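Trainee: sequence and predicted structure, then a few things I'm wondering about:
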Amino acid sequence: MRANLLKIEAVEFMRSAMSPRDFPRDGLPQVAFVGRSNVGKSSLLNRLLGRKGLARISSTPGRTRAVNLFQVNRNCYFVDLPGYGYAKAGKKDRQAWAELVDDYCQAALSSAMVVHLVDTKVGATDLDVEAFEYLASFDPRIVVVATKSDRLSRGKVLTALKGINLRLSLQEDEKAIAVSAKTGNGMNELWREIDRYLR
C-alpha cells in the first residue's frame, strides 16, 4: 500500500486511550511519538499534520497522561505517547504512565514505527538512552528526531547530532534528524521516513 502522507487530507482525533482495551484493533499502521516531557512533541505533531492545536501544547510538562490516538488520511494512526522524565510527577502517576506505555509497546510496537524525540540542545540524557534501549527491544523501526534545532546555530546542531548519534549508538543509516516545529526545517526528511514505513 502506498500512502502519500505529504498531502494531509484528513486528520481525526480518535480518543485518549487509558487502558489496552482502548488501543486500535483494526490493523492500520501506527506511528508512535515518544520523548521526554517538554521535548516539543505536541508542537512537532501539530507541525507535521498542519493542524494548529490538534495536539494540545501545555506550559506544564508531563500533562499527557494517556495514549492519544489520531487517525491520518483514514489509513494510519499517529500515536502520542505520554512523555517520560517529569520530575514533579508523583511516584503513583509515574508508575501508572509507565504501565500504560508498556501495555501499548507490548500490544503494538513490534509492527509500529517509533519517532523518538530528543532535545537538540540538551542532547541524549540517561533517560533517553534508557528509553531508546527499551523501545529497541521490541524491534520496531525507530527514527530519532532532534527537536528545537532552531535554537542552535548550524554548527552547534551538527555537533549535537554527532553527540546524540554516539550516545544512542546509532548506525550510519539511523542517524538522527534535526527538526524544528517553529521553522519547519527537517520536516520533509521526517515525512520521507514515515512515508517509507507506510508503503
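Mentor: Arrived safely, thanks for sending.
Trainee: okay, and the beta partners of the spatially most central residue of the chain?
Mentor: The centre of the chain sits closest to Phe33, judged by Cα atoms, centre = their mean, with a distance of 1.9 Å. Legend: beta-bridge partners of Phe33 under DSSP bridges are Asp80, Val115.
Trainee: which residues does it contact?
Mentor: Taking Cβ atoms under 8 Å, 6 or more residues apart in numbering, we find Phe33 in contact with Lys41, Leu44, Leu45, Phe78, Val79, Asp80, Leu81, Val114, Val115, Leu117. C-betas here are computed from N, CA, C, even on glycine.
Trainee: try 6 Å this time
Mentor: Contacts for Phe33 (Cβ atoms under 6 Å, 6 or more residues apart in numbering) come out as Lys41, Asp80, Val115.
Trainee: got a markdown table for those residues, with distance to Arg141, neighbour count and pLDDT too?
Mentor: Below are those laid out as a markdown table (distance: Cβ to Cβ, whole Å; neighbours: other Cβ atoms under 10 Å; pLDDT from 0 to 100):
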| residue | distance to Arg141 | neighbour count | pLDDT |
| --- | --- | --- | --- |
| Lys41 | 18 | 25 | 94 |
| Asp80 | 18 | 24 | 95 |
| Val115 | 10 | 27 | 98 |
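Trainee: distance of the residue sitting furthest away from the middle of the chain from Phe23?
Mentor: The C-alpha centroid of the chain is most remote from Gly155, which lies 24.8 Å away (Cα atoms, centre = their mean). Going from Gly155 to Phe23 by Cβ to Cβ, to the nearest Å gives 43 Å.
Trainee: ok, now Lys52?
Mentor: From Lys52 over to Phe23 (counting by Cβ to Cβ), the distance is 27 Å.
Trainee: so for those two, which residue has more residues nearby?
Mentor: When neighbours are counted by other Cβ atoms under 10 Å, Lys52 and Phe23 differ, and Phe23 comes out ahead with 17 against 10.
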